[in-house]
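Asker: The sequence isn't on hand, but the structure is:
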């Protein structure tokens, strides 16, 4: 009947004639009017309620409102239940305020380091959990991200509700064969004697069994080739000069000498006390301690975060637990024997880290004991790839 | 052929129009007064007639353009011409 709603009356039928006359004379819009069991039932729009009430009172009719529908009834219901009204208002205000707030971040990459870098750039630009979305210019941050992070080629930031999603396109390293398109030489990276050459392309400059110095060209990309063919009994002979990428592997034997020093003391990290677990209430970016003692000079070894979630959405409230372990750094004196053993351990570590690609043909250790510590000189005879590819440029 | 008088009355909106839709609805335009609206009988006065609608489960709705709609199961409708000068 109307947006405001309608009211259904039940009035005694003894006064129906006068009421019907009133309705007819005033051309009122009345719905579903009928008499039943001595009562007249009818429905009017809410805007006519006052007139109908006044008329029914004027003719001293007994009546009651048996049904109300529409907006007015809904408002009356809400007014009667103030808790619901206050709850709705609080919810509305909360949603209004929080809809402009960043709650969580999602960086669409599997690279954890890149993810940390992206979050750092966001932090530098003032985008943290709890910051206002409207105050942030994401276009500028995208540009800043592309400028600061070399490992990405494109970054796009989108805001979905309270979540900031950063989409990234990472740089894909070109395959090695496409990286070097210029003519290249194969040079020696050690002073060595050549044992074997696996030659694919280029101009061989030396022979197996020859000695080369570091930096000597073994296979050159500057090739002067000669071609000849026979035609009608004549031999045609001509030279071809071209540039190419030298391909191949040159194996050689060479020597390397390294000196390791071990002083008569070692630095050791000793556990000072049992690990202590301390909890913080993390609210947005603020960590509120849930303990009362001052923090000691401990080392954080483990962190556990338990975020609260609501309807699957991660809230910016979490309980963080840190396991704090205190260590004492001490200097322990050692004797000559242990110093020598430790120097050998250093040599072993060196071999593992730097000589793993070579075959160690022989090694010779010489110890020298001084008042400061033990010097261990290791002389290695190695076999392996001694060639290195370097680009050269064609002069125009 | 309509007389000039009838044409004048029609032009002045003096006639009532009654639309009957099956046995479920009767729309009367140009209603002057509602006399009765019980479940079995609805009586409506127009300029020339007193219209009686008999049936069951009758429900009457009036609109502010002087139209009346009677809905329900309608069994009969009768027209009784008003006598000249009769006041109802």
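Answerer: Yep, it's here. All figures in this text were calculated on a predicted structure; none of them were measured in a lab. Numbering: from 1, shown residues only, chains lettered A, B, ... in the order given.

Asker: only C-alpha atoms for contact and neighbour calcs from this point on.
Answerer: Will do.

Asker: Packing partners of the helix or strand in which residue A:120 is found?
Answerer: Secondary structure from DSSP states H and E places residue A:120 in helix A:112-124. Applying 3 or more CA pairs under 8 Å, 6 or more residues apart in numbering or on different chains; DSSP states H and E, we find helix A:112-124 packed against helix A:138-148.

Asker: and residue A:15, how far is that from residue A:51?
Answerer: In this view, residue A:15 and residue A:51 are 16 Å apart by CA to CA, to the nearest Å.

Asker: So for those two, which residue has more residues nearby?
Answerer: residue A:15 (16 against 12; other CA atoms under 10 Å in any protein chain shown).

Asker: Poorly predicted segments of the stretch 51-200 of chain A, please.
Answerer: A:174-181 (pLDDT under 70).

Asker: ok, which stretches of it are helices?
Answerer: Listed in chain order, the helices of the stretch 51-200 of chain A (DSSP state H, counting those that start in this stretch) span A:71-80, A:82-98, A:112-124, A:138-148, A:176-179.

Asker: With mean neighbour count as extra columns, can I get the ones you listed in TSV?
Answerer: Below are the helices of the stretch 51-200 of chain A laid out as TSV (neighbours: other CA atoms under 10 Å in any protein chain shown):
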stretch	mean neighbour count
helix A:71-80	13
helix A:82-98	12
helix A:112-124	15
helix A:138-148	16
helix A:176-179	8
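
Asker: Run a quick neighbour tally on residue A:265.
Answerer: Residue A:265 has 16 nearby residues by other CA under 10 Å.

Asker: what do you get for residue A:238?
Answerer: 10.

Asker: residue contacts, it?
Answerer: A:226-228 (CA atoms under 8 Å, 6 or more residues apart in numbering or on different chains).

Asker: so of those residues, which ones are in strands?
Answerer: With strands taken from DSSP state E, the overlap with the contacts of residue A:238 comprises A:226-228.

Asker: Which single one of those residues is nearest to chain B?
Answerer: residue A:227 (108.4 Å; CA to the nearest CA).

Asker: what pLDDT does the closest one get?
Answerer: Looking at residue A:227, its pLDDT is 74.

Asker: That one bridge partners, please.
Answerer: Beta-bridge partners for residue A:227, by DSSP bridges, are residue A:238.

Asker: quick one: it and residue A:199, what's the gap?
Answerer: Relative to residue A:199, and taking CA to CA, residue A:227 is found at 20 Å.

Asker: Likewise for residue A:39?
Answerer: 114 Å.

Asker: So for those two, which sits in the more crowded spot?
Answerer: Remark: of residue A:39 and residue A:199, residue A:39 carries more neighbours, 19 against 14, as counted by other CA under 10 Å.

Asker: Identify the bridge partners of the more buried one.
Answerer: Under the criterion used (DSSP bridges), residue A:39 bridges to residue A:12, residue A:36.

Asker: So which residue is dead centre in chain A?
Answerer: By CA atoms, centre = their mean, chain A has its centre lying nearest to residue A:115, at 2.4 Å.

Asker: so that residue touches residue A:109, yeah?
Answerer: Yes: using CA atoms under 8 Å, residue A:115 is in contact with residue A:109, at 6.8 Å.

Asker: and the helix or strand bottoming out on mean pLDDT in chain B, what other elements does it pack with?
Answerer: In chain B, no helix or strand scores lower on mean pLDDT, DSSP states H and E than helix B:4-11, which sits at a mean of 80. Using 3+ CA pairs under 8 Å, 6+ apart as the contact criterion, no helix or strand is in contact with helix B:4-11.

Asker: For the residue nearest to the centre of chain A, which non-adjacent residue is closest in space?
Answerer: In space, residue A:115 comes closest to residue A:107 once its chain neighbours are excluded; the distance is 6.1 Å by CA to CA, 6 or more residues apart in numbering or on different chains.

Asker: Now for the one you found: which residues touch it?
Answerer: A:115, A:118, A:165-168 are the contacts of residue A:107 under CA under 8 Å, 6+ apart.

Asker: of those, closest to residue A:322?
Answerer: The shortest approach to residue A:322 among those belongs to residue A:115, at 21.9 Å (CA to CA).

Asker: The residue nearest the centre of chain B: what's it in contact with?
Answerer: Geometric centre of chain B, nearest residue: residue B:28, 4.4 Å, by CA atoms, centre = their mean. Taking CA under 8 Å, 6+ apart, we find residue B:28 in contact with B:16-19, B:67-69.

Asker: The same query, at a cut-off of 10 Å, please.
Answerer: B:16-20, B:44-46, B:51, B:62, B:66-70 (CA atoms under 10 Å, 6 or more residues apart in numbering or on different chains).

Asker: Same check on residue A:279?
Answerer: A:287-291, A:303-305, A:319-323 are the contacts of residue A:279 under CA under 10 Å, 6+ apart.

Asker: Out of the residues you listed, list just those in strands.
Answerer: A:287-289, A:303-305, A:319-323.

Asker: Buried ones among these?
Answerer: Listed as buried from the ones in strands among the contacts of residue A:279 are A:289, A:319-323; burial here means 16 or more other CA atoms under 10 Å in any protein chain shown.

Asker: Quick check: bridge partners of the residue nearest to residue A:156 when sequence neighbours are not counted?
Answerer: In this structure, residue A:156 finds its nearest non-sequential neighbour in residue A:167, 5.1 Å apart by CA to CA, 6+ apart. Per DSSP bridges, the residues bridged to residue A:167 are residue A:108, residue A:156.

Asker: Give me the number of neighbouring residues for residue A:167.
Answerer: Counted with other CA under 10 Å, residue A:167 comes out at 15.

Asker: Would you confirm that it contacts residue A:146?
Answerer: No: using CA atoms under 10 Å, residue A:167 is not in contact with residue A:146; the gap is 11.8 Å.

Asker: Can you pull the residues of chain B lying near chain A?
Answerer: B:31-42, B:44-45, B:57-71 (CA under 10 Å from any CA of the partner chain).

Asker: Which members of the residues you listed are classed as buried?
Answerer: B:31-42, B:44-45, B:57-63, B:66-71.

Asker: ok, now which ones touch residue 62?
Answerer: Picking chain A for this. By CA under 10 Å, 6+ apart, the neighbours of residue A:62 are A:10-15, A:39, A:56.

Asker: Switch to chain B, please.
Answerer: A:23-24, A:27-33, A:44, B:27-29, B:31, B:34, B:68-70 are the contacts of residue B:62 under CA under 10 Å, 6+ apart.

Asker: Appreciated, that's everything.
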